[in-house]
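**Q** Sequence plus predicted model, see below.
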Amino acid sequence: MDILREIGRCDGLPHGGRILIGVSGGVDSVVLLHALIRSGYSCVAAHCNFHLRGEAADGDAVFTERFAATMGCAFVRADFDTEGYAARHSLSIEMAARELRYRWFEEQRTAQGCDVIAVAHNADDSVETFFLNVIRGTGIRGICGMAARNGNVVRPLLGVPRREIERYARENGLEWREDATNAETIYRRNKIRHKILPVLQEINPSFLQTMQANMEHWRDAAEVFSAHAGAAMRRCVRERDDGVKEISIASLKAETGYRSVFFEWMYACGFAPDVIRSALAALDGIPGKRFMSPAYVLLKDRETLLLMPRAGDCDRGYPAVIEEGTERIDSPLRMAFRVVPCGEGYAVPRCAGRAAFDADRVEFPLTLRRPQEGDWFIPFGMRGRKKLSDFFTDRKLSRFDKERAAVLVSAHGEVMWVVGMRTDNRFAVTGKTRRSLEIDLLPDE
């Protein structure tokens, strides 16, 4: 296989462009840098030291810088506290290194005036990724292997087997660094590389090429399916004014291949495969079950599924203290405040997004907060008190909606307004009211 010809066929490499290349010092990245420079590209070698392998990692950095100098190209380097980053963000070491690497690569792509980022994944890597995804559970995209291009990241060697890369290195007298951990089978990828793939290649010596052809077919099938899944979810999903996505269970189940449609949609939202399978099993179950991803919560309601950001995002800005004289707030809700005289002909607002209170009965500062256990109020038009929990039940609010509700309370902790739903009768505008405090709930910008 002619590696230079493979690079020439790579659609992601702009003709005559400037390329930022991730160079670890291993054979793949050494060959990629050498071949791109031979192909006439202006290159910047970018090396990450994750400080996970002591002196060996430092040796990789020194080797890579020297090799870049030998090739006559620019060199940039980053040093990361990978273990600290992983601990702070609750990530595995592998995921932490990936986040750090690609974020820095993109920063350097811009800083160095490069068109794209080239990384040295090869055909073996793509097949190994297929098996890793199948083992842990995946959607249709996960069986397609690695993408030749993903945004600004290109993989010019993706169609080249590792043995051809090593042959190129030997024929061109290239040296490289060996990562001792690549031989350790305690890692899942290495188990696949050293134990599973050799058996499959013994059965079919052309196994890598066969898998590449399979993954090309699967990528085409994934495009067709994605179009169907996207159209199906658009038919099933309604986005409410508050940003919650409401999925009709009946509409979903009427779609062809609804389980796979739902799986792809949820997988794109960051839900783990086993969580998605549990959610599918709960479609016909009782309301109230919750399913979590790092960014979202899915709730099984009566006839719908409700998808919303996790509480940390929803609760941002609560509680908010509102001083007398405030004209507007933009967080956590957008509200406008004004005091108007109640002269002859004054009409009390009667829409859910606007509330009016007897200004002389209101004591500041007000607080906008989430409902709390034991909260009660006297709904407008009634005389007796009602617990908020009972009020929500009477309105048949979902668990999501109960948690996302907001209340405005007076300086004495009295609930004046269940925002957007009902005001408290104790603060009602009457015929004796001289001034009205009007509050508008404004739409999000």
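**A** Structure's in. What do you need? These numbers come from a predicted model, not from an experiment.
**Q** what ranges do the helices span in the stretch 1-150 of the chain?
**A** 3-8, 27-38, 55-71, 82-89, 93-111, 123-136 (DSSP state H, counting those that start in this stretch).
**Q** So which of those helices is the most surrounded?
**A** Mean neighbour count (mean count of other Cβ atoms under 10 Å) peaks for helix 27-38 among the helices of the stretch 1-150 of the chain, with a mean of 22. All C-beta spots, glycine's among them, are computed from the backbone N, C-alpha and C.
**Q** between the helices of the stretch 1-150 of the chain, which gets nearest to residue 367?
**A** Nearest to residue 367, of all these, is helix 82-89, at 32.5 Å by Cβ to Cβ.
**Q** relative to helix 93-111, how tilted is the closest one?
**A** Direction vectors for helix 82-89 and helix 93-111, defined by axes from the mean of the first three to the mean of the last three Cα atoms, to 10 degrees, enclose an angle of 100 degrees.
**Q** What is the distance between helix 82-89 and the centre of its chain?
**A** Relative to the centre of its chain, helix 82-89 is centred 19 Å away, using Cα atoms, centre = their mean, to the nearest Å.
**Q** what's next to it, contact-wise?
**A** 50-52, 91-93, 95-97, 99-100 (Cβ atoms under 8 Å, 6 or more residues apart in numbering).
**Q** which stretch of helix or strand covers the most far-flung residue of the chain relative to its centre?
**A** Distance from the centre of the chain peaks at residue 344, with 55.0 Å (Cα atoms, centre = their mean). If you go by DSSP states H and E, residue 344 is not part of any helix or strand.
**Q** which residues does it contact?
**A** Counting by Cβ under 8 Å, 6+ apart, residue 344 has no contacts.
**Q** Look up how far residue 358 lies from it.
**A** Distance of residue 344 to residue 358, given as Cβ to Cβ, to the nearest Å: 17 Å.
**Q** from the contacts of helix 82-89, which is closest to residue 218?
**A** The closest of the contacts of helix 82-89, once distances to residue 218 are taken by Cβ to Cβ, is residue 95, at 24.7 Å.
**Q** residues contacting that closest one?
**A** Shown in contact with residue 95 (Cβ under 8 Å, 6+ apart): residue 86.
**Q** Swap in 10 Å and give it another go.
**A** Residues counted as contacts of residue 95 (Cβ atoms under 10 Å, 6 or more residues apart in numbering) are 85-86, 89.
**Q** coming back round to it: if we compare the helices of the stretch 1-150 of the chain, which one ends up closest to residue 430?
**A** With Cβ to Cβ as the criterion, residue 430 lies closest to helix 82-89 of the helices of the stretch 1-150 of the chain, at 55.3 Å.
**Q** Need the mean per-residue confidence for the closest one.
**A** For helix 82-89, the mean per-residue pLDDT is 92.
**Q** This protein - how does it break down into domains?
**A** What automatic domain parsing lists as the domains of the chain is 3-203, 216-312, 320-441.
**Q** mind putting those domains in a markdown table, distance to residue 209 included?
**A** Shown next, in a markdown table, are the domains of the chain (distance: least, Cβ to Cβ, whole Å):
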| stretch | distance to residue 209 |
| --- | --- |
| domain 3-203 | 8 |
| domain 216-312 | 11 |
| domain 320-441 | 50 |
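**Q** looking at those domains, which is closest to residue 210?
**A** Between residue 210 and those, the shortest separation by Cβ to Cβ is 9.3 Å, and it involves domain 3-203.
**Q** Distance from the chain centre to the closest one, please.
**A** Centroid separation between domain 3-203 and its chain, computed with Cα atoms, centre = their mean, is 23 Å.
**Q** repeat for stretch 417-436
**A** With Cα atoms, centre = their mean, you get 42 Å for stretch 417-436.
**Q** Can you point out the buried residues in that stretch?
**A** Neighbour-count burial for stretch 417-436 flags 417-424, 426-429, 433, 436 (criterion: 16 or more other Cβ atoms under 10 Å).
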